[in-house]
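Undergrad: below are the sequence and a predicted model for it; my questions follow.
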Amino acid sequence: MSNELGAAIRLLVQDSGISEDLVRRTVEEFLLAAYKRKYGTADNAVIRFSDDGGDVTLYAQRKIVDEVYDPVSEIALEDALAYNEDCEVGDELLIEISPNEFDRVAVQSAKQKARQTLREIKKDTLFSEFKDKVGEMIIGYYQRERNGNIFVDLGKTEGILPKRYQSPREVYRPNDRIKAMIYEVSKNPNGLQIVLTRTHTEFVKRIFELEVPEVYDRTVEIFKIVREPGYRTKLAVYSNRDDVDPVGACVGLRGVRIQGIVRELEGEKIDILKYDNDPREFIRNALSPAEVSHVVVLDEAKRQALAVVPENQLSLAIGKQGLNVRLANRLVDWSIDVKTQAQFGEMDLTAETKRAVSALFGELPEEEDEISRISELPDIPVHIVSMLESAGYEYIEDLVSLSDEELEAIEALSGDDVSTLKRIIAENVEIIETEDGESTTIIASVQDSDVQDSDVQDSDETPEVATEDAEAAPAAEQVAEATAVEVDETEAAEEQEAEGQEAQPEPVAVAEAPAYDGEDETEEDEMEEDEEEEEITLISELPGINDRVVGILNEAGINDILDLLDMPENRLRKLEGITEDDVAAIQAIISDNVEIIEEDEDNTEAD
């Protein structure tokens, strides 16, 4: 066969990237297919390449016999002597077959087989090359477009950039340079399919690795990326070294690095923020570029939080069509609600959230420890505990369910002991109504020192607590007259409506009132009228407030007590003329005279 075969094989290896061994195997299959097409079998065909691979020879292996029955696999002795004079009957002889002897049909069949084999080999070779490059960046050139999908020339093959993986900002023209990420590599009947993308978050991460050396060498790591392709991208970063600022490293000197990334993304806005383990601080950063006054965690289990922003920052925090807060939700994996200071002041906060609100002007109160046994009550004498246990009363819930007559009927308890026991219960026990059938849950807790020293609210402002039967109801009401009871307004209203009573709303901010035993209904009515006359709403009416401080606050537009409660502590310190002693005095006056509780209506009162 012509020596030009070796040159053709080397050219095919160079153009298609197929190995030389695979090309030789294809040539063998080509010749075998042509031989089989002509002779009906290829069992006795032998193919041999020269040492340099430049020549190939096809042989037919035939056995020497006296009488020929199969001319394909056998040859007569007389004919065999023409090829080799030393041959004998029974020997096998290799007879060279010239490809020129093949007819046109045999050649076409062999060529079709060769093309199919070369196509499969090329597909497998490219698949092996690109399957390990998924997630890597690649550069190609716009080749053609069909139904919105762009076909990109990658050199050895072509990739496809689907319309759904294209940014809305980007417009391409023929021969445009396209930088994309390999998203998926697969084989199909038509060949190899390489899917490219420019919309996934991993694409943004790869661009940062190319533009920011600190990200590439893991000095600065990307915690999470969220993106609305073509509009805005948010990414949280942190540094593994204390001397490296993660945000500054990504932005670069005078913004050189981030400007290159923005150009690659066709002007898409990018927010780079610092990751923080504290969810409050992380939420504050995630809402950038808006300035957040403070963040309140509403429900940590459900991952719900409230971000309070100034009035002029509300639209910036929410973003166009809610884009900024929506991306922040996805970034921190919390449900974030954004409110202004005024909207926050009108909210009906839960008891759990009140502690977070109180941190605006001071430290958070310590958590209360729930107790259930009488012996765990603070300051209860040991002899009273022993007497009650002897009488069969070990738990606080059993003790609270007793009426005054039943309590005084316990033997060995003197009048002083009964009075001491009532005082301790009033100071440390609260009755909480829960939706468990019609039962009442009574929970005792160790209160903070400020709560222990404060007086107990008037019993008339305490809603009645429903009990399981009619006998337990009077006992619960008598205990409630001496204790501060906090009940969910909605549930209390439903219970009272069932009993034919009207639910009375409670004010949000009330001053502490001395305990009242509720013996006479006329005296109770007079007490309520006196309390209503003492209600205050202005800062100037707070007891012990300095006139100079009142003047400074009025000049700043802060007249009401609720305005003062809504003001962040740092803003209060920045007011001209307000000293640290004034801030401490304001906090002490608010702590001693103002109490925040829930109500059904949005309005608030300060007593």
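TA: Done, it's in. Worth saying up front: this structure is predicted, and the values here are computed from it rather than measured.
Undergrad: any low-confidence regions in the chain?
TA: 1-6, 8-9, 15-17, 52-54, 348-370, 431-535, 596-607 (pLDDT under 70).
Undergrad: for it, which helix extends over the most residues?
TA: Counting by DSSP state H, the longest helix found in the chain is helix 104-130.
Undergrad: and for this structure, the residue most distant from the center?
TA: Residue farthest from the centre of the chain, counting by C-alpha atoms, centre = their mean, is residue 78 at 88.5 Å.
Undergrad: check which helix or strand that residue maps to.
TA: helix 77-81 (DSSP states H and E).
Undergrad: touching, residue 270 and residue 261? I think so.
TA: Yes: look at residue 270 against residue 261 with C-beta atoms under 8 Å: they come within range, at 6.5 Å. All C-beta atoms are positioned from the backbone trio N, CA, C, and that covers glycine.
Undergrad: and these two? Which one has more around it.
TA: residue 261 (21 against 18; other C-beta atoms under 10 Å).
Undergrad: list the contacts for that one?
TA: 204, 207, 208, 211, 270 (C-beta atoms under 8 Å, 6 or more residues apart in numbering).
Undergrad: so which of the residues you listed is the closest to residue 232?
TA: residue 270 (7.6 Å; C-beta to C-beta).
Undergrad: now the closest one: how far from residue 556?
TA: For residue 270, the distance to residue 556 equals 38 Å [C-beta to C-beta, to the nearest Å].
Undergrad: quick check: domain ranges of the chain?
TA: As assigned by automatic domain parsing, the chain contains the domains 4-124, 134-197, 369-504, 507-513+522-607.
Undergrad: span of the second one from start to end?
TA: End-to-end distance of domain 134-197 (C-alpha to C-alpha, to the nearest Å): 11 Å.
Undergrad: any idea which of the domains of the chain gets closest to residue 336?
TA: Taking C-beta to C-beta, domain 507-513+522-607 is the member of the domains of the chain nearest to residue 336, at 18.6 Å.
Undergrad: for the spatially closest residue to residue 314 that is not a sequence neighbour, list the residues it contacts.
TA: Closest residue to residue 314 apart from its sequence neighbours, by C-beta to C-beta, 6 or more residues apart in numbering: residue 340 at 5.4 Å. Taking C-beta under 8 Å, 6+ apart as the criterion, residue 340 is in contact with 308, 309, 310, 311, 314.
Undergrad: beta partners of residue 340?
TA: Residues in a beta bridge with residue 340, per DSSP bridges, are residue 309.
Undergrad: same thing with residue 177?
TA: residue 141.
Undergrad: how many neighbours does residue 240 have?
TA: Applying other C-beta under 10 Å, I find that residue 240 has 12 neighbouring residues.
Undergrad: that one: what's it in contact with?
TA: Residue 240 touches 218, 219, 220, 221, counting by C-beta under 8 Å, 6+ apart.
Undergrad: which one of those residues is nearest to residue 398?
TA: Set against residue 398, the nearest of the contacts of residue 240 by C-beta to C-beta is residue 221 (57.6 Å).
Undergrad: so what strands line up beside the helix or strand harbouring that closest one?
TA: Element membership for residue 221, per DSSP H and E: strand 220-228. Counting by DSSP bridges, the strands paired with strand 220-228 are strand 232-239 (antiparallel).
Undergrad: and the contacts of the strand it pairs with?
TA: For strand 232-239, with C-beta under 8 Å, 6+ apart as the criterion, the contacting residues are 201, 204, 208, 214-215, 219-227, 245-247, 249-250, 265, 268-275, 282, 285-286, 319, 323-324, 327-328, 331.
Undergrad: buried stuff in that strand?
TA: 232, 233, 234, 235, 236, 237, 239 (16 or more other C-beta atoms under 10 Å).
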